[in-house]
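**Student:** Would you be able to build a 3D model of this:
(2 chains)
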Amino acid sequence: MAAKAISSPVPVDWYPTLAVVMVAVGLMFTASFFIYEATSSRRSRSLAKEITTAAIASVFLGFGSLFVLLASGVYV
Amino acid sequence: MAPSPSSLPTAISSLLLLLLLAAAVSVYSSSPVLEGGIRVVSAEKRIDLTGSIVKVFLTLKVENAAAAPEASQVLLAFTPTEFERLAIVKAARAEGRRKKKMYIPHAVKASDLAAAPNGHRLYSVLLSSALKSAEVTTLEVFYVLTHSLEPFPAEITQSDPQLVYYRDSAVLLSPYHVLEQTTYLKMPSNRVESFTRVDPTSRTGTEVKYGTYYDQLPNSYVPILVHYENNYPFAVVEELVRKVEISHWGNVQITEQYKLRHGGARHKGVFSRLEYQSRPSISGLSSFKNLLARLPPRVHSVYYRDEIGNISSSHLRSDSHKSELEIEPRYPLFGGWHCTFTIGYGLPLQDFVLESDDGRRYTNLTFGCPLLDTVVDDLTIKVVLPEGSKNPQAVVPFVVEQHVETSYSYLDVVGRTTVVLKKKNVVGEHNVPFQVYYEFKPIFMLAEPLMLISAVFLFFVACIAYLHMDLSIRKS
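**Tutor:** The predicted structure is shown next:
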């Protein structure tokens, strides 16, 4: 019987690095989102741009927090 | 002319008698004990009494009678007490001579035959190839009895050695005729208080030999009692719950909750720590202060704690084949004393989770308790499969009680399918691999990150909505 070992999709050793990088990138996008919100007036804002920045930031923060959990030993 | 009035009742009664006889014979011959014409040519029983668990090695030379049909099974008999304490029975047939000796394992199952007298219970060894008439085979039987050493005196002080009773039979309890047999009892030391004499009986050093006895009838039982010193740590795990959590993100987390007890003679009087530490050779001989757990290789994040917190007295040694965790409870354990603790460790996923040919995944873990030389009265293994797993199926090489439940952990919505396996009276021989098969689609792994992403995204949406709303009362 040829049983194949199953391993994680991302090597476990990368989790801490990935966590730091993705949370950092995510926070940068969050910062740019809030800077944009604060610096533009209500009329000159573009909803598309806001949604795009928010989406990118949440993808990075979401995966970032997952890797933070995995790197700290909370295997979800 | 009618037959004479006296001859008719005689004919009827003789017919009745014949019928009765035939019935009796058929009942007797249908008794499964007499299947084939098996008899035991020679039997050697070696009982190892050195530890807290009694191990019995039985070598049976079995012969089928010349004019008998083929025999497919050989029966082993146990007394009701032994049957209750029996943890495992294994049988193998020795094949080949000397160095080329090979052992072919045979299936052993509890026989539900009620034919044995005195409430004796039977186990049948299913022979892989039937024993033909006039054929001889040698069977090696191994069984383990737990809780069979009764401490006497039942209560001892700190400076007393522990003495125990062991009860058995001088002759082999067997449903067959036994032609020649010997029984050996191996003690841990020379200090044997007494043993029953059933001539011929002899004692050399640590060993007591009963026999050789010839021509014993089926089901013969000659009770013997041995009283000897046994200071082996009687570590009994009253309850062990092992929880195995599988995460496809690369980890198998195992948490083991122990309820440990010293199962030997109860401690009486005071406990003097000073005497215990200054004179270890005469004080607290039967107590123990450390235990060894054998864990798989490549364990990480090992912890050992109880309700109070971390217990710092533990050591971990690892090599490429195994890891050894040496743990010391907070206090040495004397007879009747309890302690509760938890051991946890992580294992790499690729060592224990595999994919079979039919696309199902399965875990390949070891059953039983990792602590060496302990009896587990009540073992529960919970295999928590990842969320989204379906159709779990456990494959265990012996009878276990099992059911499926749902448990909740981090970032769960529908809960995780959990396979619960329960077994009583578990010994070291039960540490064999078992499998839990399940169906899992890798797409379910994205559930957790998607949950986190949507939570963060909802926060941003709330921010956008707040900044787009005009909540001021005054018109701007």
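**Student:** Just the strands from chain A, written as ranges.
**Tutor:** Here chain A has its strands, by DSSP state E, at A:4-5.
**Student:** now it, which segments are flagged as low pLDDT?
**Tutor:** Counting by pLDDT under 70, chain A contains low-confidence ranges at A:1-2.
**Student:** please redo it, this time with the cut-off set to 80
**Tutor:** In the predicted model, chain A carries pLDDT under 80 at residues A:1-2, A:42.
**Student:** Centre-most residue in it?
**Tutor:** residue A:60 (1.4 Å; CA atoms, centre = their mean).
**Student:** wait, it sits on residue A:31?
**Tutor:** No: at 11.9 Å, residue A:60 does not count as touching residue A:31 under the criterion of CB atoms under 8 Å. Glycine gets a C-beta too; all of them are placed from N, C-alpha and C.
**Student:** Give me every residue in chain A lying close to chain B.
**Tutor:** By the rule CB under 8 Å from any CB of the partner chain, the part of chain A lying against chain B is A:1-10, A:12, A:26, A:33-34, A:37, A:42, A:45, A:47, A:50-51, A:54-55, A:57-59, A:61-63, A:65-66, A:69-70, A:73-76.
**Student:** among these, which ones are buried?
**Tutor:** A:6, A:8, A:12, A:26, A:33, A:37, A:45, A:50, A:54-55, A:57-59, A:61-63, A:65-66, A:69-70, A:75-76 (16 or more other CB atoms under 10 Å in any protein chain shown).
**Student:** Just the ones in helices from these, please.
**Tutor:** A:26, A:33, A:37, A:50, A:54-55, A:57-59, A:61-63, A:65-66, A:69-70 (DSSP state H).
**Student:** can you tell me which residues contact the nearest residue to residue B:229 once chain neighbours are set aside?
**Tutor:** The shortest distance from residue B:229 to any non-neighbouring residue, by CB to CB, 6 or more residues apart in numbering or on different chains, is to residue B:191 (4.0 Å). Neighbour list for residue B:191: B:161, B:228, B:229 [criterion: CB atoms under 8 Å, 6 or more residues apart in numbering or on different chains].
**Student:** so which of the residues you listed is the most crowded?
**Tutor:** The most crowded member of the contacts of residue B:191 is residue B:228, carrying 23 neighbours; neighbours defined as other CB atoms under 10 Å in any protein chain shown.
**Student:** Verify the contact between that residue and residue B:164 for me.
**Tutor:** Yes: at 6.7 Å, residue B:228 counts as touching residue B:164 under the criterion of CB under 8 Å.
**Student:** All the strands of the stretch 351-476 of chain B, residue numbers only.
**Tutor:** For the stretch 351-476 of chain B, the strands defined by DSSP state E, counting those that start in this stretch cover B:353-355, B:361-366, B:375-384, B:390-395, B:401-407, B:416-426, B:433-439.
**Student:** The last one pairs with which strands?
**Tutor:** Yep, that's strand B:433-439 we're talking about. strand B:361-366 (antiparallel), strand B:390-395 (antiparallel) (DSSP bridges).
**Student:** Give the buried residues for the first one.
**Tutor:** Neighbour counts using 16+ other CB under 10 Å place B:361, B:362, B:363, B:365, B:366 of strand B:361-366 among the buried residues.
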